[in-house]
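# Sequence and predicted structure are below.
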2 protein chains.
Amino acid sequence: MGGDRGPEELVAGAKAAANATGVPILVVGDPARLGNTDGLEVLAASEVIEMHDEPGSAVRNKKDSSLVRSAEAVRDGRASAMLSTGNTGAAMAAALLRFGRLPQVSRPAIATPIPVPGSSPTVLLDAGANADCQAAWLVQFAQMGSVYSRVRFGVPNPRVALLSIGEEAGKGNALVKEAHALMANSEDFNFIGNVEGRDFLRPVADVVVTDGFTGNVVLKSLEGGVGYMVDTFKKVMKTVATGESGPGLMAEVAPLLHQLDPDSYGGAMLLGVNGVCIISHGSSSAPAIANAVGVARDMVAGDVVDQLRQAVSAPAPGGDA
Amino acid sequence: MGGDRGPEELVAGAKAAANATGVPILVVGDPARLGNTDGLEVLAASEVIEMHDEPGSAVRNKKDSSLVRSAEAVRDGRASAMLSTGNTGAAMAAALLRFGRLPQVSRPAIATPIPVPGSSPTVLLDAGANADCQAAWLVQFAQMGSVYSRVRFGVPNPRVALLSIGEEAGKGNALVKEAHALMANSEDFNFIGNVEGRDFLRPVADVVVTDGFTGNVVLKSLEGGVGYMVDTFKKVMKTVATGESGPGLMAEVAPLLHQLDPDSYGGAMLLGVNGVCIISHGSSSAPAIANAVGVARDMVAGDVVDQLRQAVSAPAPGGDA
């Protein structure tokens, strides 16, 4: 029921996904508002968690909401994965409360792919689940991000970096310095040291670990800045390039614009809960939804949850799990 | 002596600035490496603080470095402002140790203009001086940023915002929530609440306050992301737009590219010390240096240091000044 374009856009995406992939889709929501769900199974839910609802209380109070019912469908084995374009905090809370955490995970984290032109995307985590973090949690984010990069993008030995304000080990805030020391001592992943903000969009690291506050601000800054440039690019070409070079320009640029479009990646995944929860942009179009369904299918087929469970097989070092 | 392009580029910029503005320039460095300084006064300094030097110890140990001598020239009244393209941390340390802090300022902060197409730039601070911050310092950053936006960009009543991960007062990490409460209670500036990463490049706020870790990561992410798009834009037009629409495209895009070029803004300023210290990109070209000299002149003419002193006339609320 979430998403800026209304439930009918999501249903259209679900149909496209079902047709393209053969994956059976369970649509969860208010049947009166879903439009034509022809051929899709529907799980009725009478309530909607709105974008402005406080996540924790919304999940507790709106027990018949599409988000809570989706999470329960996964918990109860009726669905293999859940996908939401609604309130991110509420989707996380529903997944966390209904799926439960993986045994040793201190805090689940949101992993978001950031495009890298000409290469596989960089996985950024935490992209917003935990505004305040402990260093030990960041070590678990590294363990989980490494698994995710491997399963999702096929990177054999993902390069894991820590986001900081200088490459040297001594650069950063107190959290980053402590996390750096812990990560340098870990043999669970391929730690390559610190990276900086300027390293995004470049093939420098496969996984970038940070706290959820910094991650969310950086992600939105990049989306805003790059999105602004893409829009300007398109506008300029539309108004000016009516001459013979117009089509050539578009052909040159189209693959890049496609690669930079968040819709191409199908959204973020909540890592560390006992089930697959994919969270897509509120603005997701039907094709974006179809992509996200494909990601959900791949994550189920690749047993990513089980691999995450194995990767985080010990409590966070000195953590408060 | 700093800067990626070597001292001769800086001297060329100083000459251009002297010619264009009539501002007398004192060039500080090793005379043997400055090239032709014809017409510029030279203050000899035998040492150089390198980019990789640890700032604090470099300033303590390299007493005859160009950075330390520049700061002393301002302290002693021989120069009205200092400008550096070298080691940012060392420039800050030299200014802080030789100028001293303004009386009530807990921590100086780096203020960096972020371009907003079609509008005056947004001042981001702290862009990297303080990796770990207290909420009370952020209130002083707001006071100082407001003065700077007014003096530097002529904004009469600057809109001051706090960088967070949601617009609501309750969104953010512990630092931001505490700072929000303090800023909402202050009558020293025009506080408009939280902004998010996606609000950069848009005319949403004149001043954006954040801790130096987040500020530095966001600034570099934006520079990296937007810079990548600008480079791609230029490359595509060069390889493809040889047809009749090429010049039209370039004419359309050139003003935007100029506005997005960090060199157009002359660099960042360290606010909260008892003197004018401008810090420009290591990659600054001669025209960027000339712009930065113009900024330094304007900040001296506008008495920005005195206005900052008046704006921060009380200790930070509950701070450790």
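Good, I have the coordinates. Numbers count the residues shown, from 1 in each chain, chains lettered A, B, ... in the order given.
# what about the closest residue to A:Asn291 other than its chain neighbours, distance to A:His281?
Of all residues not flanking A:Asn291 in the chain, A:Gly266 sits nearest, at 3.9 Å (C-beta to C-beta, 6 or more residues apart in numbering or on different chains). C-beta: built from backbone N, CA, C; applies to glycine. Going from A:Gly266 to A:His281 by C-beta to C-beta, to the nearest Å gives 10 Å.
# wait, isn't A:Gln259 in contact with A:Pro117?
Yes: the criterion here is C-beta atoms under 8 Å, and A:Gln259 meets it with A:Pro117 at 5.6 Å.
# Which neighbouring elements make contact with the least confident helix or strand in chain A by mean pLDDT?
Ranked by mean pLDDT, DSSP states H and E, the weakest helix or strand in chain A is helix A:246-260, scoring a mean of 74. Counting by 3 or more C-beta pairs under 8 Å, 6 or more residues apart in numbering or on different chains; DSSP states H and E, the packing neighbours recorded for helix A:246-260 are helix A:212-240, helix B:212-240.
# between the first one and helix B:246-260, how many degrees?
Helix A:212-240 and helix B:246-260 meet at an angle of 150 degrees, taking axes from the mean of the first three to the mean of the last three C-alpha atoms, to 10 degrees as the criterion.
# Using the record's assignment, carve chain A into domains.
A:1-105+A:272-313, A:115-264 (automatic domain parsing).
# Give me the distance between the longest one and the centre of its chain.
Read that as domain A:115-264. Domain A:115-264 sits 12 Å away from the centroid of its parent chain (C-alpha atoms, centre = their mean, to the nearest Å).
# Next: the first one.
For domain A:1-105+A:272-313, the separation from the chain centroid amounts to 12 Å (computed by C-alpha atoms, centre = their mean).
# my guess is A:Leu34 contacts A:Glu9, does it?
No: shown here, A:Leu34 and A:Glu9 do not form a contact pair, counting by C-beta under 8 Å, at 10.9 Å.
# in the stretch 1-150 of chain A, which spans are helices?
A:7-21, A:55-61, A:66-75, A:88-99, A:135-153 (DSSP state H, counting those that start in this stretch).
# For the stretch 51-200 of chain A, which residue gets nearest to chain B?
A:Gly197 (3.1 Å; C-beta to the nearest C-beta).
# quick one, what contacts the closest residue in space to A:Met82 that isn't next to it in sequence?
Closest residue to A:Met82 apart from its sequence neighbours, by C-beta to C-beta, 6+ apart: A:Ser70 at 4.3 Å. Listed by C-beta atoms under 8 Å, 6 or more residues apart in numbering or on different chains, the contact set of A:Ser70 reads A:28, A:43, A:79, A:82-84, A:94.
# Quick check: the gap between the residue nearest to A:Asn291 and A:Ala290.
8 Å.
# neighbour-wise, which of those two wins?
More crowded of A:Gly266 and A:Ala290, by other C-beta atoms under 10 Å in any protein chain shown: A:Gly266, with 26 against 23.
# So which bits of the stretch 1-150 of chain A are right by chain B?
A:117, A:128, A:131-132 (C-beta under 8 Å from any C-beta of the partner chain).
# now these as TSV including distance to B:Val304, pLDDT and neighbour count?
Listed next are the residues of the stretch 1-150 of chain A next to chain B as TSV, based on distance: C-beta to C-beta, whole Å; pLDDT from 0 to 100; neighbours: other C-beta atoms under 10 Å in any protein chain shown:
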residue	distance to B:Val304	pLDDT	neighbour count
A:Pro117	41	88	13
A:Gly128	37	95	26
A:Ala131	34	97	22
A:Asp132	35	97	15
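# between these, which is nearest B:Lys238?
A:Pro117 (17.1 Å; C-beta to C-beta).
# Report the contact partners of that closest one.
Counting by C-beta under 8 Å, 6+ apart, A:Pro117 has contacts A:201, A:256, A:259-260, B:228, B:232.
# count of neighbours near A:Ala181?
Neighbours of A:Ala181 using other C-beta under 10 Å come to 11.
# To clarify, my last question referred to A:Ala288.
25.
# which residue packs closest to it, ignoring adjacent ones?
Counting by C-beta to C-beta, 6+ apart, the residue nearest A:Ala288 is A:Asp263, at 3.7 Å.
# A:Val300 now?
Per C-beta to C-beta, 6+ apart, closest to A:Val300 is A:Ser80, 4.5 Å.
# Show the low-confidence segments of chain A, by residue range.
A:239-249, A:318-321 (pLDDT under 70).
# residue nearest the centroid of it?
For chain A, the residue nearest the mean C-alpha position is A:Ala268 (0.9 Å; C-alpha atoms, centre = their mean).
# My guess is that residue contacts A:Asp126. True?
No: with contact defined as C-beta under 8 Å, A:Ala268 does not reach A:Asp126; the gap is 10.2 Å.
# Is the host helix or strand of A:Phe191 positioned near chain B?
Here A:Phe191 sits within strand A:190-195, counting by DSSP states H and E. No: using C-beta under 8 Å from any C-beta, strand A:190-195 stays clear of chain B, coming no nearer than 10.0 Å.
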